[in-house]
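Trainee: test case, fold it:
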Amino acid sequence: MSEAFKHLQKFISSVMRMAHVYQPVMIQTLIAHGGQATVREIASALLANDEAQISYYEAITKRYPGTVLSKHNVVRREGGTYELVGFQDLSSIEKISIADLCEQKIVQFFDGRSDPWSHRRTSNGYIPGTVKFEVLKRASQRCELCGAADHIRGLEVDHILPRNKGGTDDISNLQALCFRCNATKRDTDNTDFRGLKQSYAHRQASCVFCDVETKRIIAQNELFVAIRDGYPVTEGHTLLIPKRHVESPSGLVQPELNAMWALADQAKLDLRRADQHIDGFNLGFNDGISAGQSVMHAHVHLIPRRTGDVSEPRGGVRGVIPSRQGY
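Mentor: Take a look at the predicted model:
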């Protein structure tokens, strides 16, 4: 047993920690290529294991080349299998000739376009894998439009406000869409997003939350700020406030909701780090005067909870109607 084998076996069996299949696929590829492989060869192997991309191109296959070639009687489809019409009648030389003609068409296509994938790159951009992971985790591996799980249809990370309309790569501007919803969105969405982008800067004179003192801000991201409540229910009581003036939580748009949850997660983490006795949170809106809203600018209350801070915590937010808190 060689030392190289022992080292690799030990690493793969006991040391390797995986956030994805990248490491074992790379090692497999190197073995398959005689110990050496180009970055492109390794990347191609990773792509071959990307079920989301495979699902995407399965849909492309059926929607475009499969449909057109079937219409012209070049291929026929039986279930999940395509057959080249007349393949059995082709001689070996004819098969090679047809394949060469196809290769010529491919070369001509790429030679005639400086960036043949620009239709995807402009709208999607490059999004780091770690960011994609966070977006998919936030969406619980489901399409944020139709709700399809990733094992039903492959998921893609999409810009809510497209990059070619000024959208950023910030995680608050990203969403998880299945390939079907994403394709439909690109094909039919004619909304002028510039007005939405400008609306983020909307402030209302005399609104105390539109003009929060800088010294009160303890955390913020592109669309939300966090401050401590002026009349805290518990120590660490925090308010999450959209920068844009909007009275009701129902007026928040998806990028703002994404930013809100991201800031809430960060605030909770910071509070727990500062106080190890925090073991729970109440999180919620007061929406409307009858619900107790006193500042007509939407905001979220993030209230840290500690074991024993009340005699009976059961019911939580149901306590807004004291007689209904217990059940």
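
Trainee: can we go C-alpha only for contacts and neighbour counts from here?
Mentor: Noted.

Trainee: now the one helix or strand residue 240 maps to: average pLDDT?
Mentor: Using DSSP states H and E, the element containing residue 240 is strand 238-242. Here strand 238-242 scores 97 as its mean pLDDT.

Trainee: pLDDT below threshold where in the stretch 151-300 of the chain?
Mentor: Within the stretch 151-300 of the chain, the ranges that satisfy pLDDT under 70 run 185-197.

Trainee: ok, 90 please
Mentor: For the stretch 151-300 of the chain, the stretches with pLDDT under 90 are 151-202, 211, 221-223, 252-259, 262.

Trainee: so which residues of it form strands?
Mentor: Using DSSP state E, counting those that start in this stretch, the strands found in the stretch 151-300 of the chain span residues 155-159, 174-178, 217-220, 224-228, 238-242, 278-285, 300-306.

Trainee: what domains does the record give for this structure?
Mentor: Split into domains by automatic domain parsing, the chain comes to 3-111, 127-193, 214-315.

Trainee: restricting the selection to alpha carbons, write the strand holding residue 240 to CSV.
Mentor: Extracted in CSV, the C-alpha atoms of strand 238-242 (Å, rounded to 0.1, in the frame of the first residue of the first chain):
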residue,chain,number,x,y,z
THR,A,238,-34.4,46.6,19.2
LEU,A,239,-36.4,48.3,16.4
LEU,A,240,-35.7,47.4,12.7
ILE,A,241,-36.8,50.3,10.5
PRO,A,242,-37.0,50.6,6.7
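
Trainee: returning to what we had before: same list (the strands of the stretch 151-300 of the chain) but as CSV, adding distance to residue 205 and mean neighbour count.
Mentor: Shown next, in CSV, are the strands of the stretch 151-300 of the chain (distance: least, CA to CA, whole Å; neighbours: other CA atoms under 10 Å):
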stretch, distance to residue 205, mean neighbour count
strand 155-159, 32, 24
strand 174-178, 31, 26
strand 217-220, 19, 15
strand 224-228, 18, 22
strand 238-242, 15, 26
strand 278-285, 22, 14
strand 300-306, 21, 21
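
Trainee: among those strands, which comes closest to residue 249?
Mentor: Residue 249 sits nearest to strand 278-285 of all the strands of the stretch 151-300 of the chain, at 7.4 Å, using CA to CA.

Trainee: return the list of strands paired to the closest one, each annotated with direction.
Mentor: According to DSSP bridges, strand 278-285 forms sheet pairs with strand 300-306 (antiparallel).

Trainee: angle of the strand it pairs with against strand 238-242?
Mentor: 160 degrees (axes from the mean of the first three to the mean of the last three CA atoms, to 10 degrees).
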